[in-house]
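*Asks:* coords please:
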Amino acid sequence: MNALLKRISVDPNICFGKPCIRGTRIGVSLVLDLLANGATIEEVLAEYPQLTKEDIHAAIAYGAEMSRERFVEVAAG
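*Replies:* Numbers count the residues shown, from 1 in each chain. From the prediction side, this is the model:
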């Protein structure tokens, strides 16, 4: 997992300091939103050819790590 997380960068001068895929201005949240809305990994890669499959996995891993650290309010079912 650590190797994947090294693909994520946070720089206050890039994307207002939000987590991005290293070497790009593509936010982790964008990748996760696309996947959450039903896009496949292949579709994300086709839309953003500068990304790799490992970058997508890194975004997922980062989201998983963050979910362990924070609570997110969701509507009661």
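*Asks:* if you go through this structure in chain order, where are the strands?
*Replies:* 8-9, 20-21 (DSSP state E).
*Asks:* which of the ones you listed sits most buried?
*Replies:* Sort the strands of the chain by mean neighbour count, taking mean count of other Cβ atoms under 10 Å, and strand 20-21 sits at the top with a mean of 23. Any C-beta I mention is one placed from the backbone N, CA and C, and that applies to glycine too.
*Asks:* who touches it?
*Replies:* Strand 20-21 is touched from outside by 7-11, 14, 26-28, 31, 51, 55, 58-59, with contacts defined as Cβ atoms under 8 Å, 6 or more residues apart in numbering.
*Asks:* Quick check: the residue nearest to residue 6 when sequence neighbours are not counted vs residue 7, distance?
*Replies:* Leaving aside its sequence neighbours, residue 6 sits nearest to residue 22 (Cβ to Cβ, 6 or more residues apart in numbering; 7.4 Å). Plainly put, residue 22 is 5 Å away from residue 7 if you go by Cβ to Cβ, to the nearest Å.
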